[in-house]
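J.: Any chance you can model this:
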Amino acid sequence: MKWRVAIVAALGVCLGLYVVFHIGFATVVSAVARAGFGGFGLLCLYGLSMSPLLAAAWIVLLPGRGGYFGVFVWARLVREAAGDLLPFSHIGGIALGARAAILHRVPTPLAFASTIVDVTTELLAQIAFIALGLGILSRHAPSTTFSASLGRFVLIGLAMAVFGGAVLLALQRYGHRLTGQIAARLLPRAAAHTGAVGAKLDAIHASRVRLAVSCAVHLLAWIASGAGTWIAFRLIGAHVDFSSAIAVESFVGAARSAAVLVPNGWGVQEASYALLAPLLGAGPEFGLAVSLLKRARDVVLGVPVLVIWQAVEGRRALAGADVIDSE
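T.: Next up is the predicted model:
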């Protein structure tokens, strides 16, 4: 498995390097430099502000639990940092996010069950976000062979995502044995409590209002990520339309989700931004520059989070603390 991950990661890196050198290294560096330290700082602050919003989408799923907001903000920071920086797929980041919540005394079944549902509501919100991007594309994009082909490709992907979301919901409602096996695989230390995960899933799904609110907050977060992309393009001197930036971000997110097994989306993100930037009326070098700025932002925000998380894990390991709580 490790060799397969390494091979996929290497292919992604090669794709990213090809895009950079095909466009021109100096051209890309020049575009990145236009943001300046002040612009890059603004992007970092904007990225950091997303965590409370994502945590809110997660915590609204918890039935009758309060006082965990700060814990879930931290868990989302760990989840994003691990998914963006560590050399494994985004699924590994999801598992570490749940683990971070457990380390701060969120009961293991509740942490894992809420993580499963949160991932699902995030996917459902992304489906709506992609549909929004497709609508913007059909309304505002110039009628070209590329835009027509892109529209068909996204429509097919959207149909597959809807099917996947329906399967996830069905498994959570009626496939507790399978979800327990998944829980045990991703969090081996929680294996003894997987029987309680199904009960927590039932409790969460008992309220459709909670699920709807989580989806709505996640959709708001997806739109906010598109706004961040628009800000990044403006910082490097590309005067782009806000709605078109939303569409591009929805398609880039779809490409990264489709390439879920590629660690950190290496190469996939860069190629997607470079390919889609012309839809904004910007050159591919601007799209690649935005991608690299986001990578740099992820490093600046994610490295301190991972260092602190590892220190917490190490301290608990040395103390022999058992953080598994079956409540």
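
J.: could you pull out the helices for the stretch 101-250 of the chain?
T.: Per DSSP state H, counting those that start in this stretch, the stretch 101-250 of the chain has helices spanning 108-140, 145-174, 176-186, 194-205, 208-235, 242-258. These are given in chain order.

J.: In terms of mean pLDDT, which of those helices ranks lowest?
T.: For these, mean pLDDT drops lowest on helix 176-186, to a mean of 61.

J.: what angle do the longest helix seen in the chain and helix 242-258 make?
T.: Of all the segments assigned as helix in the chain under DSSP state H, the longest by residue count is helix 284-319. Going by axes from the mean of the first three to the mean of the last three CA atoms, to 10 degrees, helix 284-319 is angled at 50 degrees with respect to helix 242-258.

J.: let's have the chain start at 575 instead
T.: Sure thing, new numbering starts at 575, so read that last one as helix 858-893.

J.: Which positions within helix 858-893 qualify as buried?
T.: Neighbour counts using 16 or more other CB atoms under 10 Å place 858-869, 871-872, 875-876, 879-880, 883, 886 of helix 858-893 among the buried residues. C-beta: built from backbone N, CA, C; applies to glycine.

J.: Who are the contact partners of the residue nearest the centre of the chain?
T.: Nearest residue to the geometric centre of the chain (CA atoms, centre = their mean): residue 654, 6.6 Å. Applying CB atoms under 8 Å, 6 or more residues apart in numbering, we find residue 654 in contact with 625, 628, 667, 671, 872, 876.

J.: ok so, going back, could you dump the helices of the stretch 675-824 of the chain to a markdown table with mean neighbour count and distance to residue 614?
T.: Compiled in a markdown table, the helices of the stretch 675-824 of the chain are given as follows (neighbours: other CB atoms under 10 Å; distance: least, CB to CB, whole Å):
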| stretch | mean neighbour count | distance to residue 614 |
| --- | --- | --- |
| helix 682-714 | 22 | 26 |
| helix 719-748 | 14 | 30 |
| helix 750-760 | 17 | 34 |
| helix 768-779 | 19 | 39 |
| helix 782-809 | 19 | 8 |
| helix 816-832 | 22 | 18 |
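
J.: May I see those helices organised as a markdown table, with distance to residue 649 added?
T.: Conversion of these to a markdown table gives the following (distance: least, CB to CB, whole Å):
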| stretch | distance to residue 649 |
| --- | --- |
| helix 682-714 | 8 |
| helix 719-748 | 20 |
| helix 750-760 | 14 |
| helix 768-779 | 16 |
| helix 782-809 | 15 |
| helix 816-832 | 20 |
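
J.: Select, out of those helices, the one closest to residue 634.
T.: Ranking those by proximity to residue 634 (CB to CB) places helix 782-809 first, at 4.9 Å.

J.: Distance from stretch 857-870 to the middle of the chain?
T.: Distance of stretch 857-870 from the chain centroid (CA atoms, centre = their mean, to the nearest Å) equals 18 Å.

J.: same deal with stretch 727-740?
T.: For stretch 727-740, the separation from the chain centroid amounts to 17 Å (computed by CA atoms, centre = their mean).

J.: Also stretch 626-642?
T.: On the basis of CA atoms, centre = their mean, the separation between the geometric centre of stretch 626-642 and that of its chain is 18 Å.

J.: now stretch 828-841
T.: Between the mean C-alpha point of stretch 828-841 and the mean C-alpha point of its chain there is a distance of 10 Å (CA atoms, centre = their mean).

J.: Contact partners for the residue nearest to residue 622 when sequence neighbours are not counted?
T.: With CB to CB, 6 or more residues apart in numbering as the criterion, residue 622 has its nearest non-adjacent residue at 6.1 Å, and that residue is residue 875. Shown here is residue 875, whose contacts under the criterion CB under 8 Å, 6+ apart are 618, 621, 622, 651, 655.

J.: Helix or strand: which one has the last one?
T.: Take DSSP states H and E as the rule and residue 655 turns out to sit in helix 643-659.

J.: Please point out which parts of that helix sit buried.
T.: By 16+ other CB under 10 Å, the buried positions in helix 643-659 come out as 645-659.

J.: wait, which of the helices of the stretch 675-824 of the chain is closest to residue 608?
T.: Evaluated over these, closeness to residue 608 peaks at helix 782-809, with 7.2 Å, by CB to CB.
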